[in-house]
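Undergrad: A structural model of the following input is requested.
(chains A, B, C, D, E and F)
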4 protein chains.
Amino acid sequence: MTDMIEPPASPRARDAERSRDAILVAARDEFARHGLGGARVERIAERAELNKRLIYYYFESKDALFLAVLEDTYRNIREAEKQLHLTDLAPADAIRRLTEFTWNYYLEHPEFLSLLNSENLHLARHLGDSDRVREMNSPLIRTLGEILERGRQDGSLRGGIDPMQLYISIAGLAYFYLSNRHTLSAIFGRDLTAPKARHERLSHICDVILGYVLRA
Amino acid sequence: MTDMIEPPASPRARDAERSRDAILVAARDEFARHGLGGARVERIAERAELNKRLIYYYFESKDALFLAVLEDTYRNIREAEKQLHLTDLAPADAIRRLTEFTWNYYLEHPEFLSLLNSENLHLARHLGDSDRVREMNSPLIRTLGEILERGRQDGSLRGGIDPMQLYISIAGLAYFYLSNRHTLSAIFGRDLTAPKARHERLSHICDVILGYVLRA
Amino acid sequence: MTDMIEPPASPRARDAERSRDAILVAARDEFARHGLGGARVERIAERAELNKRLIYYYFESKDALFLAVLEDTYRNIREAEKQLHLTDLAPADAIRRLTEFTWNYYLEHPEFLSLLNSENLHLARHLGDSDRVREMNSPLIRTLGEILERGRQDGSLRGGIDPMQLYISIAGLAYFYLSNRHTLSAIFGRDLTAPKARHERLSHICDVILGYVLRA
Amino acid sequence: MTDMIEPPASPRARDAERSRDAILVAARDEFARHGLGGARVERIAERAELNKRLIYYYFESKDALFLAVLEDTYRNIREAEKQLHLTDLAPADAIRRLTEFTWNYYLEHPEFLSLLNSENLHLARHLGDSDRVREMNSPLIRTLGEILERGRQDGSLRGGIDPMQLYISIAGLAYFYLSNRHTLSAIFGRDLTAPKARHERLSHICDVILGYVLRA
DNA sequence: TATGAATGAGAATTCATTCAT
DNA sequence: TATGAATGAATTCTCATTCAT
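TA: Numbering: from 1, shown residues only, chains lettered A, B, ... in the order given. Predicted coordinates for the structure are as follows:
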């Protein structure tokens, strides 16, 4: 509310924060690349250009670090979603925008997919304990529910759509393709990572989703 | 002397095929549960009730065993898909059947999802080298293409649908929900593993897919 | 003493002998290449194109096999030395011939050098127990002693030469160069394995040895 | 407070250089005794009274440790050779001194012979990559070449002697006897390790070498 | 005589984590 | 806050050897 400049953190404290962040970034990379089991604390330290011991100083353990990375990752995507200002758009436009955003976000943040996979492998052991993550995610579904309701009322969208189901579908259509792109490329003998292939996929996803939500 | 006498169940089976299979089954379980990185060769041996050394006798290494498991897993699902006799059904029925089958197969074979995840994490490093898997998967897309073409001709389905895109969508809609069910349950604070929730999801998926393929 | 033809061995027995020999040859190669510690029973079986179990059938253990190889190797060189007919030559010629022979034999039988090295590493643990080897080696020194004595008497060679010392010197001058040729090449930055280098060495050795034994 | 108080001998030295050295010394011993293939990392750790893991902390692998030991060993002998001040002596005296030194050094450092053997078995695989060793060894041959040239000019030594050949001969005459002393003792039924036998050998070697280099 | 299957003991190497400063 | 040194418990893989036929 005021222009009040926050007291400058001491150089020490600043370094501390910078170190913590460096670890977090390095860890995200490492966990995304190798999974929880395959990630190496040593490599994280090397990438962060910090002593291994510091990781234990700032984070309790490898597992705790993994949870911190997960929370950070979720915070980032939810933060980005907020910037979409979906409530300012016509319902159908909002759905399309969310769909395109989701696809692009996954495309640009492969680490998100990978971290999610790792957490799934471990049966949400880490996120299951985190209240913070639940709190972060609820608003999205609420917003989506409002959009659907608005669309139902103005007649642009069909009714009876569960916002959570819709969100999972939007995510799933993008996720499966991107997460499996190497495997699918190998299996189908087609390069699914090529730009053209990617555009076709996004186009297909929009067709499927909008075909579903739009009033027939 | 009679038919009743069974061969004595010796602790050392000395039956190559049985041993190999036991390893494969135990490995599938272990890899599915812990991922490639988290899987332990020792545990695989214990579960198979065989000497650890035998694993290296029959399979070259942990990685080679992983590939063997992957190939085996793919063979199984493609085998099951063949039993659907999709070509005997009306196009729309065939699509629905494939959708339901895919959902149910993933539901009943969580190890498939998990193994796929692991392979994705490793960028299809294993499957990329396997010709066998590619050969196994091509027929499905061909069959689906034929169904779509048949539907287009008889007017029941819309035209211009890429069978691969469709298959990836069918798989993705099921996969994301099931693979992430623990994480999503934690995030959205809803128990997605409950039978009712599962039925709702299948119903939703069918709506989405059939809504997309059916001629408007 | 008689023309009596030995009874033909049964085909079985022949095969047995052939198998034994195949193992011995493969083992010599493997031990020479990798030393006793680095040799692999499995590889010996593969090279002999025989089942691993057979090695234990014909030879008691890896160590016993190593001793058998050593004895065989020594038998071979002593056998070859006998063919030199040194006693038919003038003393100085005999010395030169033995020197050249030793050099050439080592050159053509690098496995001899290597096996000797291995045995030295193990402090003659195997040969120490073998009476056979001792019996095989005595005649050579006796012959050399006779030659030196003959040379002393006819004035062509100086007196007071210990035949064992001389033999060890002849062997050492050849052995060190050949056994260390890779290491020495690396150390001195010269290719000691080239034909020209080898000829120079033999020439040098003859100069040294004959310069020593010839009456000044 | 006084000069008397020594730092408490902590069981965990936490002294990098001391630890590294302890590993190096223990490794030299182990490699010399058992060869590269027969050496056990565990035993090296035990002898050094250090954790096995530390070996990998300071040295990359067993092979890298072996190379470090080899380099260290060569450094030692070349260092000792420098102390001979051969250039201060008359040429013939210098040759004799080098010959005696080589014999004594080999006698007192049996690990040198053994390590050299191991490296030969592996075809100089380790030293072949080491520039350091080449640099260490060049000066010796240069010095020896200068001595020979000096001798040729003052008429005390014959001309045309290749210093490398001479050095290999000096080394070989000592090496073969000492390295094979157990095998030779077994073969010839004489105890070549007895002091008297050793003196006779050195005397013989000097006769051979000086007989070769001295102007006739 | 021959062989594929099986094994226990150990091999090098790795890893998350803690110590001492 | 930061770090180099140190470690115990694994972890994958290997090896000589034996079993059962």
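Undergrad: can we go C-alpha only for contacts and neighbour counts from here?
TA: Will do.
Undergrad: Contacts only, for the spatially most central residue of chain A.
TA: Centroid-nearest residue in chain A, with C-alpha atoms, centre = their mean: residue A:77, separated by 4.4 Å. By C-alpha atoms under 8 Å, 6 or more residues apart in numbering or on different chains, the contact set of residue A:77 is residue A:105.
Undergrad: Then residue A:190?
TA: Counting by C-alpha under 8 Å, 6+ apart, residue A:190 makes contact with residue A:184.
Undergrad: at 10 Å what do you get?
TA: Residue A:190 is in contact with A:181, A:182, A:184, A:197, counting by C-alpha atoms under 10 Å, 6 or more residues apart in numbering or on different chains.
Undergrad: Now pLDDT too, for these, in JSON lines please.
TA: Output for the contacts of residue A:190, formatted as JSON lines (pLDDT from 0 to 100):
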{"residue": "A:181", "pLDDT": "90"}
{"residue": "A:182", "pLDDT": "85"}
{"residue": "A:184", "pLDDT": "87"}
{"residue": "A:197", "pLDDT": "96"}
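Undergrad: These, buried ones only, as a PyMOL selection?
TA: The following PyMOL line selects those of the contacts of residue A:190 that are buried, judged by 16 or more other C-alpha atoms under 10 Å in any protein chain shown:
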select buried, chain A and resi 181+182+184
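Undergrad: remind me which residues of chain A are low pLDDT?
TA: By pLDDT under 70, the weakly predicted segments of chain A are A:1-14.
Undergrad: can you give me the helices for it?
TA: Listed in chain order, the helices of chain A (DSSP state H) span A:11-38, A:41-48, A:52-58, A:62-82, A:91-108, A:110-121, A:131-154, A:163-179, A:181-188, A:195-213.
Undergrad: nearest to residue B:175, of those?
TA: Across the helices of chain A, residue B:175 has its closest neighbour in helix A:163-179 (7.2 Å, C-alpha to C-alpha).
Undergrad: can I get the CA coordinates of the closest one in PDB?
TA: Taking Å, rounded to 0.1, in the frame of the first residue of the first chain, the C-alpha atoms of helix A:163-179 are listed here in PDB:
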ATOM      1  CA  PRO A 163     -14.900 -28.700 -14.100                       C
ATOM      2  CA  MET A 164     -12.400 -31.100 -12.600                       C
ATOM      3  CA  GLN A 165     -13.100 -33.700 -15.300                       C
ATOM      4  CA  LEU A 166     -12.700 -31.100 -18.000                       C
ATOM      5  CA  TYR A 167      -9.500 -29.900 -16.500                       C
ATOM      6  CA  ILE A 168      -8.100 -33.400 -16.300                       C
ATOM      7  CA  SER A 169      -9.100 -34.000 -19.900                       C
ATOM      8  CA  ILE A 170      -7.400 -30.800 -21.100                       C
ATOM      9  CA  ALA A 171      -4.300 -31.700 -19.200                       C
ATOM     10  CA  GLY A 172      -4.400 -35.400 -20.200                       C
ATOM     11  CA  LEU A 173      -4.700 -34.700 -23.900                       C
ATOM     12  CA  ALA A 174      -1.600 -32.500 -23.800                       C
ATOM     13  CA  TYR A 175       0.300 -34.500 -21.200                       C
ATOM     14  CA  PHE A 176       0.100 -37.900 -22.800                       C
ATOM     15  CA  TYR A 177       1.400 -36.700 -26.100                       C
ATOM     16  CA  LEU A 178       4.200 -34.700 -24.700                       C
ATOM     17  CA  SER A 179       5.200 -36.900 -21.900                       C
END
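Undergrad: still on that earlier bit, let me have the helices of chain A in JSON lines, extended by distance to residue D:105.
TA: Below are the helices of chain A laid out as JSON lines (distance: least, C-alpha to C-alpha, whole Å):
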{"stretch": "helix A:11-38", "distance to residue D:105": "50"}
{"stretch": "helix A:41-48", "distance to residue D:105": "44"}
{"stretch": "helix A:52-58", "distance to residue D:105": "45"}
{"stretch": "helix A:62-82", "distance to residue D:105": "53"}
{"stretch": "helix A:91-108", "distance to residue D:105": "67"}
{"stretch": "helix A:110-121", "distance to residue D:105": "61"}
{"stretch": "helix A:131-154", "distance to residue D:105": "72"}
{"stretch": "helix A:163-179", "distance to residue D:105": "66"}
{"stretch": "helix A:181-188", "distance to residue D:105": "62"}
{"stretch": "helix A:195-213", "distance to residue D:105": "71"}
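Undergrad: number of nearby residues for residue A:83?
TA: When neighbours are defined as other C-alpha atoms under 10 Å in any protein chain shown, residue A:83 has 8 of them.
Undergrad: With residue A:35 instead?
TA: Counted with other C-alpha under 10 Å, residue A:35 comes out at 27.
Undergrad: quick one: it from residue B:34, how far?
TA: 11 Å (C-alpha to C-alpha, to the nearest Å).
Undergrad: Pop the domain breakdown of chain A in here.
TA: A:9-59, A:64-213 (automatic domain parsing).
Undergrad: residues in contact with the closest residue to residue A:197 other than its chain neighbours?
TA: Computed as C-alpha to C-alpha, 6 or more residues apart in numbering or on different chains, the closest residue to residue A:197 that is not its neighbour in sequence is residue A:191, at 7.5 Å. Residue A:191 makes contact with A:181, A:182, A:184, A:185, A:197, A:198, according to C-alpha under 10 Å, 6+ apart.
Undergrad: surely the first one meets residue B:117?
TA: No - checked against C-alpha atoms under 10 Å, the pair residue A:181 and residue B:117 is beyond contact range at 11.3 Å.
Undergrad: if we can go back for a sec, between the contacts of residue A:190, which is nearest chain D?
TA: Comparing the contacts of residue A:190 against chain D with C-alpha to the nearest C-alpha places residue A:182 closest, at 33.9 Å.
Undergrad: which ones are touching residue A:119?
TA: A:35-36, A:66-67, A:70, A:113, A:125-128, B:180, B:182-183.
Undergrad: What about the residues you listed, which one has the most neighbours?
TA: Sorting these by how many neighbours each has (other C-alpha under 10 Å) puts residue A:35 first, at 27 neighbours.
Undergrad: Can you get me a residue count around the residue lying closest to that residue once chain neighbours are set aside?
TA: In space, and not counting its chain neighbours, residue A:35 is closest to residue A:118: 5.6 Å by C-alpha to C-alpha, 6+ apart. Residues near residue A:118, counting by other C-alpha under 10 Å, number 26.
Undergrad: Could I get the contacting residues of residue A:118?
TA: A:31-32, A:34-37, A:66, A:70, A:112, A:124, B:34-35, B:114, B:117-118, B:121.
Undergrad: State the distance from residue A:189 to residue B:145.
TA: Noted for residue A:189: a distance of 16 Å to residue B:145, by C-alpha to C-alpha.
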